[in-house]
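>>> Could you work out the structure for the sequence below:
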Amino acid sequence: MRPRKDAAREDDLIQIWAPTETKAMLRRDANLRGEKLSEFVLSSALRQAEETILDQRIFFLDDDAHQKFLDLLDSPTKPSEELHARMANRLVWEH
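As a prediction, this is how the structure comes out:
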C-alpha cells in the first residue's frame, strides 16, 4: 500500500552545499563504513551535536555540595606508586 500524498511525514530534508573535494572525501568515508553518503553525514553530524550538547551541560549544587566539589578540585589525590612506575617506563616506540 502506498502512502497518501497528504499524509504527514515524520522526517524532514536537510540540504547542504559542499566543495566537490569535500563531498568526494565524505563519500569515500561512507563507502569504507558501508553506508550511503546521507546516512554517513547524518550520523556524523548527530554524533557531533550530541557531544556538543553534552559538553554544555550545566549542573547545580547546593552550598554544601558546591563546597565539597571545590575542596576536591583544590586537593587532588596524589599519584599512586603504580602510576609512578608506569610513567617511568619507556614508550614502546622508543625501544
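
>>> for the longest helix anywhere in the chain, what is the average pLDDT?
The longest helix of the chain (DSSP state H) is helix 37-55. The average pLDDT for helix 37-55 rounds to 94.

>>> Output the contacting helices and strands for that helix.
Secondary-structure packing of helix 37-55 (3 or more CB pairs under 8 Å, 6 or more residues apart in numbering; DSSP states H and E): helix 20-33. Yep, even glycine has a C-beta here, placed from its N, CA and C like the rest.

>>> list the buried ones in the helix it packs on?
Across helix 20-33, burial judged by 16 or more other CB atoms under 10 Å covers 26, 30.

>>> How far does that helix sit from its chain's centre?
Relative to the centre of its chain, helix 20-33 is centred 20 Å away, using CA atoms, centre = their mean, to the nearest Å.

>>> what about Phe69, how many neighbours?
Residues lying near Phe69 (other CB atoms under 10 Å) number 12.

>>> Next up, the contacts around it.
If you count contacts by CB atoms under 8 Å, 6 or more residues apart in numbering, Phe69 has them with Leu61.

>>> That one sits in which helix or strand?
Taking DSSP states H and E as the criterion, Phe69 maps to helix 63-74.

>>> cool, and Lys78?
For Lys78, there is no host helix or strand (DSSP H and E).

>>> what number of residues lie near the closest residue to Arg33 other than its chain neighbours?
Setting aside the residues directly before and after it, Arg33 is nearest to Phe40 in space (CB to CB, 6 or more residues apart in numbering), at 6.2 Å. Burial of Phe40 is recorded as 19 neighbouring residues (other CB under 10 Å).

>>> is it true that Phe40 touches Arg28?
No. Phe40 is beyond contact range of Arg28, at 9.9 Å (criterion: CB atoms under 8 Å).

>>> quick one, phi/psi of Pro19?
phi -60, psi 150 (degrees, to the nearest 10).

>>> cool, Ser75 as well?
phi -140, psi 70.

>>> Keeping just the C-alphas, turn the longest helix of the chain into CSV.
What follows is helix 37-55, C-alpha atoms only, in CSV (Å, rounded to 0.1, in the frame of the first residue of the first chain):
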residue,chain,number,x,y,z
LEU,A,37,26.5,9.2,1.9
SER,A,38,23.4,10.7,3.5
GLU,A,39,23.5,8.1,6.3
PHE,A,40,27.2,8.8,7.0
VAL,A,41,26.8,12.6,7.0
LEU,A,42,23.7,12.5,9.2
SER,A,43,25.2,10.0,11.8
SER,A,44,28.5,12.1,11.9
ALA,A,45,26.6,15.3,12.4
LEU,A,46,24.4,13.7,15.0
ARG,A,47,27.4,12.4,17.0
GLN,A,48,29.0,15.9,16.9
ALA,A,49,25.7,17.5,18.0
GLU,A,50,25.3,15.1,20.9
GLU,A,51,28.9,15.7,22.0
THR,A,52,28.4,19.5,21.8
ILE,A,53,25.2,19.3,23.8
LEU,A,54,26.8,17.1,26.5
ASP,A,55,29.7,19.5,26.8
